[in-house]
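J.: 3D, please:
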Amino acid sequence: MTQADIKTTPPVLLKNARIMDPATGHDDDGSLIIVDGKIAAYGANAHNQGMPEGTREIDCQGAVVAPGLIDMGVTVGEPGAEHRETLKSASKAALAGGITTLITSPDTDPVIDDPALVDFILRRARDTAKVNIRPLAALTKGMNGKEMAEIGLLQEAGAVAFSDATNPITNSQVLLRLMTYARDYQALIIHQAQDKDLAGSGVMNAGLRATWLGLGGVPKEAEFIAIERDMRLVAMAKGKYHARLISCPQSAKAIQAAKRDGLDVTAGISINHLTLNENDIGPYRTFHKMSPPLRNEDDRNAMVNAIKDGTIDIIMSDHNPQDVETKRHPFAGAADGALGLETMLAAGLRLVHSNDLPLMTLLAAMTYNPAKRLGLQAGTLAVQSPADIIVFDPEKPWVVEKSKIRSLSKNTPFEDELLTGKVLTTIVGGKVYDQQG
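T.: As a prediction, this is how the structure comes out:
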């Protein structure tokens with residue numbers, strides 16, 4: 001949205017709302033006022049100061065008003081695989097899920113490893129997307145794990161952080177050089193840690209369940225040994241590091257120890273690994289095939305506790321659209337990945353309704369924490385901050401229907417499930433998008 005668009009956007013009054021701001025811990029009934037695309041005031045008496053002529057009033061009827069969600073784990077097909085997802089279709093799905101900022105992965109075709117490609121993503125987003133798009137750029141050229149990308153130039157072009165997506169960098173010397181070089185630019189490295197040799201040809205969590213299904217297993221050691229290595233490298237380089245997605249308590253323990261030692265590290269997890277486990281694979285459901293794989297129930301519970309105690313900082317959707325051609329295969333041959341933009345918040349609210357997580361903690365992990373880690377002016381309801389806001393009813397039930405999914409692909413692990421918690425309105429830069437269906 002351009003500055004001209006913002007200036008012509010009418011003022012908005014959100015009244016009779018439960019205002020929640022994870023940046024400050026504010027949680028109280030009241031109103032919120034938007035003027036010129038920015039938050040002008042909020043609180044119990046905000047609307048009493050008088051409203052400009054032409055203000056649009058929205059009666060929230062007790063629904064929650066919070067910062068728009070920021071999703072750090074979004075794969076789109078553009079450029080190169082637009083049949084899977086485009087920036088335009090991803091933004092429509094994001095609006096439905098209350099996500100106002102997408103952090104897009106560099107694993108496109110071609111890979112986002114050149115400043116011109118970063119500029120392409122930003123321009124395409126400006127022209128076609130309704131939400132904020134912030135691209136990640138590749139750590140290595142072609143994401144081959146060998147030759148360093150031009151971090152300084154990519155950052156100058158608009159890349160917010162650097163990652164080889166789900167491709168682990170197995171060469172410790174290469175990763176150490178990257179960390180050291182990125183440190184000089186205060187750049188954040190986002191790494192998916194995995195020992196590929198230990199993972200081998202496994203396709204689900206190693207254990208009894210994999211044996212029963214006759215499928216190769218990926219041991220947890222393939223993840224946490226790599227995380228432990230990465231923490232040693234961070235200590236050597238003294239750079240900024242984010243573990244893209246961890247899935248087992250041993251990895252959380254390594255992250256926790258690194259934080260105790262004063263290292264600049266954070267960790268993320270997907271909503272799938274917080275709300276699903278290996279039993280959800282059932283009779284070889286390929287929409288539940290992910291990397292890292294869904295773990296057992298004890299691991300899932302440990303990950304929820306790691307969110308609660310602050311070891312894991314950020315929850316993402318890990319949105320990875322796959323079409324019929326890549327998912328309608330025997331489980332071992334199907335592509336990894338699931339949709340998540342439209343269901344991230346509602347799935348997360350399962351943990352709130354079960355009293356496993358406070359609502360404020362869930363929202364912080366989806367708003368303020370990713371904004372802080374990426375240095376974005378977002379994730380807060382502070383006065384004069386951009387009016388990227390969601391209104392949602394945490395008690396409203398809805399069914400995930402394939403025909404209503406906005407994404408071009410339909411590989412949701414929550415198909416036909418009843419979720420409780422519905423986004424009613426998404427506001428981006430002061431522009432109101434009411435959600436239907």
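
J.: Make sure L341 is actually in contact with I99.
T.: Yes - at 5.9 Å, L341 counts as touching I99 under the criterion of C-beta atoms under 8 Å. Every residue, glycine included, has its C-beta placed from N, CA and C.

J.: Find residues that contact each of these two.
T.: Listed as contacting both L341 and I99 by C-beta atoms under 8 Å, 6 or more residues apart in numbering are D71, S317.

J.: any idea how far I33 is from D298?
T.: Distance of I33 to D298, computed by C-beta to C-beta, to the nearest Å: 47 Å.

J.: out of the two, which sits in the more crowded spot?
T.: I33 (24 against 11; other C-beta atoms under 10 Å).

J.: Enumerate every residue touching the more buried one.
T.: Contacts for I33 (C-beta under 8 Å, 6+ apart) come out as P11, V12, L13, L14, I39, A40, A41, Y42, A46, H47, M51.

J.: change it to 7 Å
T.: By C-beta atoms under 7 Å, 6 or more residues apart in numbering, the contact set of I33 is P11, L13, A40, A41, Y42, A46, H47.

J.: Any chance you could give me stretch 95-104 in PDB, C-alpha atoms only?
T.: Taking Å, rounded to 0.1, in the frame of the first residue of the first chain, the C-alpha atoms of stretch 95-104 are listed here in PDB:
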ATOM      1  CA  LEU A  95      -5.800 -12.200   5.100                       C
ATOM      2  CA  ALA A  96      -8.200 -15.000   5.900                       C
ATOM      3  CA  GLY A  97      -5.800 -16.200   8.600                       C
ATOM      4  CA  GLY A  98      -5.100 -12.800  10.200                       C
ATOM      5  CA  ILE A  99      -1.600 -12.600   8.900                       C
ATOM      6  CA  THR A 100      -0.500  -9.100   7.800                       C
ATOM      7  CA  THR A 101       3.200  -9.700   7.100                       C
ATOM      8  CA  LEU A 102       4.600 -12.700   5.200                       C
ATOM      9  CA  ILE A 103       8.300 -13.500   5.300                       C
ATOM     10  CA  THR A 104       8.800 -15.400   2.100                       C
END
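
J.: any low-confidence regions in the stretch 251-400 of the chain?
T.: Judged against pLDDT under 70, the stretch 251-400 of the chain has no low-scoring part.

J.: All the helices of it, residue numbers only.
T.: Ranges of helices in the stretch 251-400 of the chain, per DSSP state H, counting those that start in this stretch, are 271-275, 297-308, 324-327, 344-353, 359-366, 368-374.

J.: again with the stretch 1-150 of the chain
T.: Ranges of helices in the stretch 1-150 of the chain, per DSSP H, counting those that start in this stretch, are 3-8, 87-97, 115-128.

J.: now the end-to-end length of stretch 266-276.
T.: One end of stretch 266-276 sits 22 Å from the other (C-alpha to C-alpha, to the nearest Å).

J.: With stretch 408-418 instead?
T.: OK, stretch 408-418 end separation, C-alpha to C-alpha: 21 Å.

J.: buried sites along that stretch?
T.: In terms of neighbour count (16 or more other C-beta atoms under 10 Å), stretch 408-418 has its buried residues at L408, S409, K410, N411, T412, P413, F414, E415.

J.: Need the residues that contact that stretch.
T.: 83-86, 89, 272, 276, 287-288, 321-323, 327, 337-339, 343, 347, 397, 399-400, 402, 405.
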